[in-house]
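K.L.:
how would this look folded up:
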Amino acid sequence: MLAYALYAQYGLGLEPCPLCIFQRVTIFALGVFFLAAALQHPRGGGRFVYAALVGVAALATAALATRHLYIQSQPPGSIPSCGAPLEVMLRYSPFTDVVRKVLAGGGECSQVNWSFAGLAMPAWVLVAALVLGIAGVVANSRQ
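P.N.:
Sure, this is the predicted structure:
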């Protein structure tokens, strides 16, 4: 998923909005937890720790993607205009303020500039997060 996101950014020229960046971070965390669980292959209570980590990362990704889809579903003009770029906000504002501003959404997050099979990119992220989250929780919960 991250490889395609990078291809869409650099190959197709689609600039990611702040919510897209946050979704990339949670997808990366999900991948790290999957990799760590696969390499360590924990037994006993350790497997439930990985199941919980995968579940939390998948839920965070799903929540961000759902918020993004909600913002994209709003009528044109009802979303405030774009603010400062994410890197500028991170440099000059406290992290909690940046998170609050990004989750509020901006004009750049309301644009649908890519779709496949009738679904925008955040919808595909939501589907993937739910599938990966369920698969990761089930796989790590079993003996």
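K.L.:
lowest average confidence, helix or strand, in the protein?
P.N.:
Lowest on mean pLDDT, DSSP states H and E among the helices and strands of the chain sits helix 107-110, with a mean of 65.
K.L.:
quick one: residues in contact with the very next helix or strand once past that one.
P.N.:
Scanning forward in sequence from helix 107-110 by DSSP states H and E, the next helix or strand is strand 115-116. Residues from elsewhere that reach strand 115-116, judged by CB atoms under 8 Å, 6 or more residues apart in numbering: 121, 124. For every residue, glycine as well, the C-beta is placed using N, CA and C.
K.L.:
switch the cut-off to 10 Å
P.N.:
121, 123-124 (CB atoms under 10 Å, 6 or more residues apart in numbering).
K.L.:
pLDDT weak spots in the chain?
P.N.:
Residue ranges of the chain with pLDDT under 70: 77-88, 102-110.
K.L.:
so what's the nearest residue to Phe33 once chain neighbours are set aside up against?
P.N.:
Distance criterion CB to CB, 6 or more residues apart in numbering; nearest residue to Phe33, sequence neighbours excluded, is Leu53 at 4.4 Å. By CB under 10 Å, 6+ apart, the contact set of Leu53 is 29-30, 32-34, 36-37, 136-137, 140.
K.L.:
can you check Arg100 too?
P.N.:
Arg100 touches 93-94, counting by CB under 10 Å, 6+ apart.
K.L.:
what helix or strand does it sit in?
P.N.:
Assigned by DSSP H and E, Arg100 falls in helix 95-104.
K.L.:
quick check: phi and psi on the nearest residue in space to Leu12 that is not next to it in sequence?
P.N.:
In this structure, Leu12 finds its nearest non-sequential neighbour in Trp114, 7.5 Å apart by CB to CB, 6+ apart. Here is the backbone geometry of Trp114 (degrees, to the nearest 10): phi -160, psi 140.
K.L.:
what's the neighbour count on Trp114?
P.N.:
Residues lying near Trp114 (other CB atoms under 10 Å) number 13.
K.L.:
next one: Ala120
P.N.:
19.
K.L.:
so what pairs up with it in the strands?
P.N.:
Ser115 (DSSP bridges).
K.L.:
surely it and Val127 touch.
P.N.:
No. Between Ala120 and Val127 there is no contact under CB atoms under 10 Å: 11.3 Å.
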